[in-house]
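> Fold the following.
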Amino acid sequence: MIEFGTGGWRAIIADGFTKANVALLAQGLAQRILFEPDAKREVAMGYDRRFLSREAAWWAAQVLAANGIHVQMVDRPAPTPLVMFTTREIGAPYGLAVTASHNPALYNGIKVFTAGGRDADAETTDELQQQVNALSEDDVVTMEADEAVAQGLITVLTSFNDYIDAIIDQVDMAAIRKSGLSVVLDPMFGVSRTCLETILVTARCQVEVINDRRDTLFGGRLPSPNVDTLRALTQTVVDRRADLGIGTDGDADRLGIIDDQGHFLHPNQILVLLYHYLLTVKGWKGPGVRNLATTHLLDRVAEAHGERCIEVPVGFKHISSAMEANDAIIGGESSGGLTVRGHIKGKDGIYAASLLVEMIAVRQKKLSEIYADLVAEYGELVMVEDDYAFNASRKHEIQGRLFVDRDLPTFDLEVAEVSWLDGCKVRFTNGGWVVVRFSGTEPLLRIFSEMPTREQAEQASATFATHLGVR
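Numbers count the residues shown, from 1 in each chain. All right, here's what the predicted structure looks like:
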């Protein structure tokens with residue numbers, strides 16, 4: 001069975017992620033396109049550097065082609081946001097990126113995009129999932145790749161220029177050129193180097209790249225940019241006395257930042273910094289959007305400028321939808337993805353990194369100083385994130401306690417309200433909160449807590465974990 005989560009379909013290689021299942025998904029999508037009377041019979045396709053990614057992209061393309069669907073294949077390891085951009089630019093009703101993003105190396109998967117290059121919404125993925133799982137291998141048609149190319153059913157693309165130029169057009173390159181910034185880039189063995197290094201070098205930054213070779217095991221680390229996985233980047237920034245370090249996840253839609261002092265800036269901090277910059281320096285107007293497990297410091301900045309912050313469930317498709325519905329100027333999540341009005345309708349670590357470099361150049365201050373100024377003006381909130389693996393047999397029990405019995409622990413702090421929008425979120429009268437939810441991409445229970453102090457955040461998280469018996 002193929003099951004879509006918050007970030008598309010993901011499965012363990014050779015278990016759920018197989019040639020047969022990739023072909024079934026492609027066949028289901030092809031039939032969906034053929035049954036949509038006004039749909040353009042075209043799909044944008046791309047892949048990252050994971051094991052079997054290129055092969056899987058071609059397996060899917062061959063099935064689509066055999067169904068008369070024209071595939072525009074980006075036939076080199078490409079950032080997921082570039083595939084989203086391509087989907088929008090060619091006017092395709094759907095796009096596919098073969099990637100498992102920041103998941104462990106054992107996983108691969110496929111992200112599905114819809115018209116305009118946005119993440120497929122839950123209704124679309126639910127329908128596609130049902131369609132795919134109703135098929136059998138006998139329903140799949142395919143053709144040889146060479147034949148599909150020769151017949152014009154698959155068009156091979158290799159240039160990243162349009163995507164790179166689109167970002168360059170939106171960033172103040174002149175300001176960056178004057179700054180002479182020194183940047184260390186860590187693609188985490190992923191796909192960001194070509195695009196991001198080109199943009200930074202074009203802006204006359206001094207760029208050093210680490211961890212750029214193809215390694216399908218990602219150096220033995222999760223390809224997710226966080227304080228633990230970016231230790232090599234931190235050390236290089238300190239050793240080179242660079243202005244900042246930029247880390248991107250496996251498919252380059254998320255980022256992590258190391259400042260000039262060698263400190264990891266949490267994605268929450270990056271989101272708030274960029275929102276503040278867009279409001280105060282660039283003069284943009286509009287709300288911000290965050291998921292329920294992302295910092296409420298964004299709310300403080302919004303309120304101070306007469307704006308509001310919109311809370312949505314986890315899953316970037318919810319952020320994209322809320323941004324469009326409310327003409328928001330930025331949307332993001334604590335896991336490192338963010339998007340800005342006027343770019344693609346999804347997260348883009350390459351564009352976000354470029355905008356951050358612009359912010360440093362325009363403000364003419366060190367990144368550490370810019371964040372210190374923000375904290376002095378709005379205060380500080382500290383978030384902790386804990387993941388707990390559990391026996392599969394316990395999931396039903398935990399779900400029952402939380403979402404049926406609504407069995408909550410007793411906290412030391414006064415509770416202001418409880419939300420069941422996505423998982424369970426408890427808000428406290430001191431402005432802090434704690435969220436418990438099941439991961440949509442991995443077999444994990446996730447607990448997030450944000451408080452005025454780290455001690456309070458850790459205590460709230462531990463209280464919930466102990467209560468549920470996962471700690």
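> Would you check that R204 makes contact with G180?
Yes - shown here, R204 and G180 form a contact pair, counting by Cβ atoms under 8 Å, at 7.1 Å. Backbone N, C-alpha and C define where each C-beta goes, glycine included.
> which of the two has more neighbours?
R204 (14 against 11; other Cβ atoms under 10 Å).
> Reduced to three states, what does that one come out as?
Three-state call for R204 (DSSP: H, G, I helix; E, B strand; the rest coil): coil.
> ok, it to I330 distance?
When Cβ to Cβ, to the nearest Å is the yardstick, R204 and I330 sit 27 Å from each other.
> Please report phi then psi for the residue nearest the centre of the chain.
Centre of the chain computed as the mean C-alpha position; nearest residue by Cα atoms, centre = their mean is G337, 4.0 Å away. Recorded main-chain torsions at G337 are phi -100, psi 140, according to degrees, to the nearest 10.
> Quick one, grab the pLDDT at it.
Among the per-residue scores, G337 shows a pLDDT of 89.
> where does the stretch 151-300 of the chain have low pLDDT?
Across the stretch 151-300 of the chain, no stretch falls below the confidence threshold (pLDDT under 70).
> ok, which stretches of it are helices?
Per DSSP state H, counting those that start in this stretch, the stretch 151-300 of the chain has helices spanning 161-170, 173-179, 193-202, 231-240, 267-280, 297-304. These are given in chain order.
> what's near enough to touch D48?
Contacts for D48 (Cβ atoms under 8 Å, 6 or more residues apart in numbering) come out as 77-80, 97-99, 190-191, 250-251.
> how about a cut-off of 7 Å?
Going by Cβ atoms under 7 Å, 6 or more residues apart in numbering, D48 touches 77, 98-99, 190-191, 250-251.
> How about R454?
Residues touching R454, when contacts are defined by Cβ under 7 Å, 6+ apart, comprise 382, 384.
> Tell me the most packed of the contacts of D48, by neighbour count.
Within those, T99 tops the neighbour count with 36 neighbours, counted by other Cβ under 10 Å.
> Would you mind measuring from that residue to V272?
27 Å.
> Looks like N326 contacts I310 (just checking).
Yes - the pair N326 and I310 passes the contact test of Cβ atoms under 7 Å, sitting 5.9 Å apart.
> out of those two, which sits in the more crowded spot?
Comparing N326 with I310 by neighbour count (other Cβ under 10 Å), the higher total belongs to I310, at 19 against 15.
> element containing the more buried one?
Using DSSP states H and E, I310 falls within strand 309-312.
> So for that strand, what gets flagged as buried?
Counting neighbours by 16 or more other Cβ atoms under 10 Å, one finds that the buried residues in strand 309-312 are 309-312.
> picking up where we left off before, just checking, the residue nearest to the centre of the chain touches K347?
Yes - G337 sits in contact with K347 when judged by Cβ under 7 Å, with a separation of 3.3 Å.
> picking up where we left off before, can you tell me which of the helices of the stretch 151-300 of the chain is packed in deepest?
Looking across those with neighbours counted as mean count of other Cβ atoms under 10 Å, the highest average goes to helix 267-280: a mean of 23.
> if we look at that one, which residues are touching it?
Where contact means Cβ under 7 Å, 6+ apart, the residues beyond helix 267-280 that reach it are 256-257, 284, 288, 294-295, 297-298, 301, 305, 329-330, 332, 334-336, 338, 355-356, 359, 370-371, 374, 383.
> Which of those residues fall within strands?
Secondary structure assignment (DSSP state E) places 256-257, 288, 330, 332, 338, 383 from those within strands.
> I'd like those residues as JSON lines, with distance to L402 and neighbour count appended.
As requested, the ones in strands among the contacts of helix 267-280 are exported to JSON lines (distance: Cβ to Cβ, whole Å; neighbours: other Cβ atoms under 10 Å):
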{"residue": "G256", "distance to L402": "30", "neighbour count": "27"}
{"residue": "I257", "distance to L402": "34", "neighbour count": "26"}
{"residue": "G288", "distance to L402": "28", "neighbour count": "30"}
{"residue": "I330", "distance to L402": "31", "neighbour count": "28"}
{"residue": "G332", "distance to L402": "26", "neighbour count": "29"}
{"residue": "L338", "distance to L402": "29", "neighbour count": "29"}
{"residue": "M383", "distance to L402": "21", "neighbour count": "23"}
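> Pick out the most distant pair among those.
G256 and G288 (20.1 Å; Cβ to Cβ).
> so who does the spatially closest residue to A304 that is not a sequence neighbour touch?
Ranked by Cβ to Cβ, 6 or more residues apart in numbering and with sequence neighbours excluded, the top spatial neighbour of A304 is Y378, at 7.0 Å. Under the criterion of Cβ under 7 Å, 6+ apart, the neighbours of Y378 are 297, 300-301.
> what's the answer for R446, then?
The contact partners of R446, taken as Cβ under 7 Å, 6+ apart, are 387, 437, 439.
> residues touching the second one, list them.
What that stands for is R437. 314, 422-423, 446.
> do the same with the first one
For D387, the contacting residues are 444, 446, taking Cβ under 7 Å, 6+ apart as the criterion.
> Just say helix, strand or coil for it.
strand.
> For stretch 445-452, C-alpha coordinates in PDB please.
Written as PDB, here are the backbone C-alpha positions of stretch 445-452 (Å, rounded to 0.1, in the frame of the first residue of the first chain):
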ATOM      1  CA  LEU A 445       6.000  10.600  18.500                       C
ATOM      2  CA  ARG A 446       7.100  14.300  18.400                       C
ATOM      3  CA  ILE A 447       7.000  16.700  21.300                       C
ATOM      4  CA  PHE A 448       7.700  20.400  20.900                       C
ATOM      5  CA  SER A 449       7.700  22.900  23.600                       C
ATOM      6  CA  GLU A 450       8.500  26.700  23.600                       C
ATOM      7  CA  MET A 451       8.900  28.700  26.800                       C
ATOM      8  CA  PRO A 452      10.600  31.800  28.100                       C
END
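> what are the ranges of the strands in the stretch 101-250 of the chain?
Per DSSP state E, counting those that start in this stretch, the stretch 101-250 of the chain carries strands over the ranges 107-114, 118-119, 154-157, 182-186, 206-209, 244-248.
> Just give the number of residues close to P81.
Burial of P81, expressed as a neighbour count using other Cβ under 10 Å, amounts to 29.
> Quick check: which element contains it?
helix 80-89.
> thinking again about what came up before, which single one of the contacts of R446 is nearest to F35?
S439 (32.6 Å).
> Next one: the closest one relative to R446, how far apart?
Here S439 is placed at a distance of 5 Å from R446 (Cβ to Cβ).
> same check, this time on K366
Here K366 is placed at a distance of 33 Å from R446 (Cβ to Cβ).
> Going by neighbour count, list what's buried in stretch 32-39.
Of the residues in stretch 32-39, those buried (16+ other Cβ under 10 Å) are 32-33.
> ok so, going back, any chance you could give me the helix holding P81 in PDB, C-alpha atoms only?
As requested, the backbone C-alpha atoms of helix 80-89 are provided in PDB (Å, rounded to 0.1, in the frame of the first residue of the first chain):
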ATOM      1  CA  THR A  80      13.000  20.100  -5.000                       C
ATOM      2  CA  PRO A  81      12.200  23.800  -5.300                       C
ATOM      3  CA  LEU A  82      13.600  23.800  -8.800                       C
ATOM      4  CA  VAL A  83      11.200  21.000  -9.700                       C
ATOM      5  CA  MET A  84       8.300  23.100  -8.200                       C
ATOM      6  CA  PHE A  85       9.500  26.100 -10.200                       C
ATOM      7  CA  THR A  86       9.700  24.000 -13.400                       C
ATOM      8  CA  THR A  87       6.100  22.700 -12.800                       C
ATOM      9  CA  ARG A  88       4.900  26.300 -12.600                       C
ATOM     10  CA  GLU A  89       6.900  27.600 -15.600                       C
END
